[in-house]
Structure formats: C-alpha cells, structure tokens
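Trainee: Take this sequence and fold it.
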Amino acid sequence: MGNRKITPDLKLAAIQFHEQGTLTTREILECIGFSKCMFQRVLKLYRETGDVGPKPRSGYAGRPRSLNVTDLQYLIETIRHGFR
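Mentor: Prediction:
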C-alpha cells in the first residue's frame with residue numbers, strides 16, 4: 001500500500017465503525033485500506049489519548065546541546081575581541 005497519508009477523519013470513522021460494531025475489523029481494513037498493524041496503532045492511540053492525531057512533541061528533538069546560552073555568548077565575545 002505504501003506510505004500514504006491517512007486523514008484523521010478517516011481514522012476516526014474507522015474507529016467509530018469498529019466501536020459501534022457496524023463493520024467487522026476485516027471489513028474496515030478492506031474498505032478503508034488500513035493494514036491491521038496500522039489500525040491497531042490508531043485504535044491504541046485513540047484509547048490512550050482520545051485523539052488520532054500524532055502525539056504532541058516536546059520542543060526538544062535530537063541530541064541535547066553541549067553549550068548553553070552563556071557559553072555561546074562567551075565564545076562569541078571572545079572571537080569578536082580576539083584571543084588574549
């Protein structure tokens with residue numbers, strides 16, 4: 001199927017069909033085009049957070065900085081005024 005973007009509306013519709021018992025899991029997967037794994041992830045996320053959107057990320061991604069703002073300011077001033 002590939003890595004196609006599945007809208008939150010479609011994910012919510014699949015969950016509603018599942019929870020109301022309107023369609024079987026197999027019917028949902030065939031109609032909407034989810035893999036079983038994808039549907040289970042969406043369902044788990046919905047049950048944990050009440051939403052199907054991605055989890056909010058913290059502002060800190062990747063490796064933590066080695067230098068803080070004070071360190072950087074010191075280095076900039078040192079470079080501007082020359083090494084003494």
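Trainee: in stretch 38-53, what counts as buried?
Mentor: 38-39, 42-43, 45-46, 52 (16 or more other CB atoms under 10 Å). C-beta: built from backbone N, CA, C; applies to glycine.
Trainee: Between these, which sits nearest L67?
Mentor: Checking the buried residues of stretch 38-53 against L67 with CB to CB, the nearest one is L45 at 36.3 Å.
Trainee: what's near enough to touch the residue lying closest to that closest one once chain neighbours are set aside?
Mentor: Distance criterion CB to CB, 6 or more residues apart in numbering; nearest residue to L45, sequence neighbours excluded, is V52 at 6.1 Å. Shown in contact with V52 (CB atoms under 8 Å, 6 or more residues apart in numbering): 8, 11-12, 15, 42, 45-46.
Trainee: quick one: V52 from N68, how far?
Mentor: 38 Å (CB to CB, to the nearest Å).
Trainee: ditto for R26
Mentor: 55 Å.
Trainee: just to revisit the earlier point, for the buried residues of stretch 38-53, could you give me TSV that also reports secondary structure and pLDDT?
Mentor: Formatted as TSV, these follow (DSSP: H, G, I helix; E, B strand; the rest coil; pLDDT from 0 to 100):
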residue	secondary structure	pLDDT
M38	helix	89
F39	helix	92
V42	helix	92
L43	helix	93
L45	helix	91
Y46	helix	93
V52	coil	88
